[in-house]
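Trainee: Provided below for reference: sequence and predicted model.
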Amino acid sequence: MENWLCSLLCSLFVIFFLKSLFALFFSNKSLPPGPFTVPLIGNIPCLRRSFRPEPVLRDLKSKYGPLITLRVGARPEILIANHSLAHKALVQTGAVFSDRPRSAPTFRLLNSNQRSINSAAYGPTWRLLRRNLTSEILQPSRVKSYSNARQWVLGVLVRKLLNDTSETGVKVIDHFQYAMFCLLVLMCFGDKLEEQQIRQIQEIQRKIILSFPRFSTLNSWPSIGKILFRNRWKELKQLASDRENTLAPFIKARIAAKERAKAERKNEDEEVLAYVDTLIKLELPEEKRKLSYGEMATLCWEFLNVGTDSTSTALQWIMANLVKHPSIQAKLYEEIVGVSGTPPSAAADSPLPEEDLQRMPYLKAVVLEGLRRHPPAHFLQPHTVTEEVKLEGYVIPKNTLINVAVADLGWDPAVWEDPMEFKPERFLSGGEAFDISGSREIKMMPFGAGRRICPGLALSLLHLEYFVANLVWLFQWKGVEGDDVDLAEKHLFITVMKHPLCVHLYPRNKLI
């Protein structure tokens, strides 16, 4: 048995090696330049990228230019490290550059075989899922209808911060994540759940995120891996099952509540629309059927996961810079008080009016600078091209992977003066609102750009402005004595603070 297995593995290794060697020497010679490739392994710099990607990227860019071909195994990946080329690919020729590669087996298990907005191939299913989210949940009037939910969550967050009496400082990221999760859970299921229920959903979310890197080996030779690593596959399948079993009862409870309301002829216009409400009505265009509970659970998981981690992480980065730069925090506080015309409220459930946020240009500048300096993702999720296309004179074959160096674009000294410094004032000049969508031109793209741009861009900006403004209005934020704020990064699914922010909070109004 052992000899048979050893022979099989050796044969497969030789086959993959020859395939990689053939692809290396006989593939399209019109691809952009790139570093030396080791057959089967790929680029050594690419392997280092997961540890400190930006220094490696700058070195590659200086040698090969703004379009670089990297290889992981036999498959080429084109990395775009230039503003105008990113705009040309993602915006000007977006239809060609908007597809997704086929998900790895472990991801397919968790994204219902690519039936999520982020993973779906560019086509009818993706259009349906994205249009449903943007037109039903993220349209301006609908976002406004969630104002009471934001007010409730702000109260939850403020009370959590006030009740955290640690002498070594308040570790804010845990409270930020819980607050954002509360808000997204309410928007998803349409009800204020008990803390125990919210923690139950959050626990399975965090368990999948934190344990998922362990399953990456299952994507190599999955047919054999299902035999050799059957216990690990079983563990991953159990996680996917646990997720569905956790979320499905809340989906079913919402469906039942809507049916009761309809039977009692209640006015549905008085209720806040939940994300689940919209999923019930959908029919997959290519299969002519409704979504299964598993697929609805996948979409709810995506909604909760993306909206929680990116926003709470961005909020922590912004508040860390406000602690590190007290003068910026003071200037922001002066603007808030000047616009609102009142000192901080004596109650956490009396926040700043959301309408006031539109009259706070410095607040918007602080948020934009936080996203420029600390984008949640330093690279996009890979795109693929739907057909052979030329870019900057190079031929990009159909199905080639495409990625963009998001962080490096926001740190480019040719575009941004002192790019590694936190200077909100850079967004106050010119008088015209900064185009963070990149539709006119790309200077930075923390939410992506083009047809695959994050659909929650406007909602994320609102949440960041809302919570930053109220947290600065209610508290003076100071660092822990003898512990300077450390802005070192750690790369997980998103880029987080290596050493989470710990602060002392001083209520602006002593009656709070």
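Mentor: It's in. Since the model is a prediction, treat every value here as computed from it, not as a measurement.

Trainee: so which bits of the lengthiest helix in the chain are buried?
Mentor: Secondary structure of the chain per DSSP state H: the longest helix is helix 230-263. By neighbour count on 16 or more other C-beta atoms under 10 Å, the buried set for helix 230-263 is 232-233, 236, 239-240, 243-244, 246-248, 250-251, 254-255, 257-258. No exception for glycine: its C-beta is placed from N, CA and C like everyone else's.

Trainee: pull the contacting residues for residue 357.
Mentor: By C-beta atoms under 8 Å, 6 or more residues apart in numbering, the contact list for residue 357 reads 363, 462, 465, 466, 469.

Trainee: sort out for me which of those are in helices.
Mentor: Counted as lying in helices by DSSP H, out of these, are 363, 462, 465, 466, 469.

Trainee: nearest to residue 291 among those?
Mentor: Nearest to residue 291 out of the ones in helices among the contacts of residue 357 is residue 462 (C-beta to C-beta; 27.8 Å).

Trainee: got the contact list for the closest one?
Mentor: Applying C-beta under 8 Å, 6+ apart to residue 462 gives the contacts 143, 354, 357.

Trainee: same question for residue 477.
Mentor: Applying C-beta under 8 Å, 6+ apart to residue 477 gives the contacts 319, 322, 323, 329, 471, 503, 505.

Trainee: again, 7 Å this time
Mentor: With contact taken as C-beta atoms under 7 Å, 6 or more residues apart in numbering, residue 477 is in contact with 319, 322, 323, 329, 503, 505.

Trainee: and those, which of them are in helices?
Mentor: In helices, judged by DSSP H, the following of the contacts of residue 477 are found: 319, 322, 323, 329.

Trainee: average pLDDT across stretch 132-144?
Mentor: In this model, stretch 132-144 carries a mean pLDDT of 95.

Trainee: buried residues in it, which are they?
Mentor: For stretch 132-144, burial by neighbour count (16+ other C-beta under 10 Å) applies to 132, 133, 136, 137, 138, 142, 143.

Trainee: work out for me the element residue 478 sits within.
Mentor: Assigned by DSSP states H and E, residue 478 falls within strand 475-479.

Trainee: also residue 79?
Mentor: Under the criterion of DSSP H and E, residue 79 resides in strand 75-80.

Trainee: re the thing from before, could I get the ones in helices among the contacts of residue 357 as CSV with pLDDT?
Mentor: What follows is these, written out as CSV (pLDDT from 0 to 100):
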residue, pLDDT
363, 98
462, 97
465, 98
466, 98
469, 97
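
Trainee: so which of those is the closest to residue 495?
Mentor: For these, the residue nearest residue 495 by C-beta to C-beta is residue 465; the value is 21.0 Å.

Trainee: wait, that closest one touches residue 362, no?
Mentor: No. At 11.0 Å, residue 465 and residue 362 do not qualify as touching, with contact defined as C-beta atoms under 7 Å.

Trainee: the stretch 301-450 of the chain: helices as residue ranges?
Mentor: Secondary structure of the stretch 301-450 of the chain (DSSP state H, counting those that start in this stretch): helices located at 326-340, 361-373, 406-410.

Trainee: list of residues touching the last one?
Mentor: Among residues not part of helix 406-410, those counted as contacts by C-beta under 7 Å, 6+ apart are 54, 57, 81, 83, 86, 372, 375, 377-380, 442, 444-446.

Trainee: where in this structure is pLDDT low?
Mentor: 1-29, 37-54, 72-74, 265-270, 345-349, 430-432, 510-512 (pLDDT under 70).

Trainee: from the contacts of residue 462, pick the one nearest residue 308.
Mentor: Nearest to residue 308 among the contacts of residue 462: residue 143, at 16.8 Å, using C-beta to C-beta.

Trainee: skipping adjacent residues, who's closest to that closest one in space?
Mentor: residue 459 (5.9 Å; C-beta to C-beta, 6 or more residues apart in numbering).

Trainee: and if you look at residue 434?
Mentor: Closest to residue 434 by C-beta to C-beta, 6+ apart is residue 427, at 5.5 Å.

Trainee: and stretch 360-374, what's buried?
Mentor: Within stretch 360-374, the residues scored as buried using 16+ other C-beta under 10 Å are 360, 362-374.

Trainee: show me what contacts residue 465?
Mentor: Per C-beta under 7 Å, 6+ apart, neighbours of residue 465: 357, 363, 364, 367.

Trainee: the third one and residue 464, how far apart?
Mentor: What it means is residue 364. 10 Å (C-beta to C-beta, to the nearest Å).

Trainee: same question, the second one
Mentor: Plainly put, residue 363 is 9 Å away from residue 464 if you go by C-beta to C-beta.

Trainee: got the contact list for residue 283?
Mentor: 289, 290.

Trainee: kindly state the beta-bridge partners for it.
Mentor: Listed beta-bridge partners, residue 283: residue 290 (assigned using DSSP bridges).

Trainee: report how many residues lie close to the closest residue to residue 467 other than its chain neighbours.
Mentor: Leaving aside its sequence neighbours, residue 467 sits nearest to residue 315 (C-beta to C-beta, 6+ apart; 5.8 Å). Taking other C-beta atoms under 10 Å as the neighbour definition, residue 315 ends up with a count of 25.

Trainee: residue 390 too?
Mentor: Residues near residue 390, counting by other C-beta under 10 Å, number 10.

Trainee: picking up where we left off before, now the buried members of the contacts of helix 406-410.
Mentor: Buried among the contacts of helix 406-410 (16+ other C-beta under 10 Å): 57, 81, 83, 86, 372, 375, 377-380, 442, 444-446.

Trainee: show only the entries of the residues you listed found in strands.
Mentor: Under the assignment DSSP state E, the buried ones among the contacts of helix 406-410 contribute nothing to strands.

Trainee: and which of the residues you listed is nearest residue 98?
Mentor: Looking across these and measuring by C-beta to C-beta, the closest to residue 98 is residue 380, at 11.3 Å.

Trainee: just read off the phi/psi values of residue 96.
Mentor: The phi/psi pair for residue 96 (degrees, to the nearest 10) reads phi -80, psi -30.

Trainee: can you check the one 5 residues further on too?
Mentor: The phi and psi torsions at residue 101 (degrees, to the nearest 10) take the values phi -70, psi 160.

Trainee: how about residue 490?
Mentor: Dihedral angles (degrees, to the nearest 10) for residue 490: phi -140, psi 130.

Trainee: need the contact list for it.
Mentor: 496, 497, 498.

Trainee: my guess is the last one meets residue 491, correct?
Mentor: To tie it back to what came earlier, the one meant is residue 498. No. Counting by C-beta under 7 Å, residue 498 stays clear of residue 491, with 9.4 Å between them.

Trainee: the two: who's more crowded?
Mentor: A direct count of neighbours by other C-beta under 10 Å for residue 498 and residue 491 places residue 491 higher, at 16 against 11.

Trainee: for the more buried one, give the beta-bridge partners.
Mentor: Here residue 491 sits in beta bridges with residue 495, going by DSSP bridges.

Trainee: do you know how far it is from residue 370?
Mentor: 18 Å.

Trainee: residue 417: which of the contacts of helix 406-410 is nearest?
Mentor: residue 372 (12.1 Å).

Trainee: now do the shared contacts for residue 364 and residue 464.
Mentor: Joint contacts of residue 364 and residue 464 (C-beta under 7 Å, 6+ apart) do not exist.

Trainee: so which bits of stretch 475-494 are buried?
Mentor: Across stretch 475-494, burial judged by 16+ other C-beta under 10 Å covers 475, 476, 477, 479, 480, 485, 487, 491, 493, 494.
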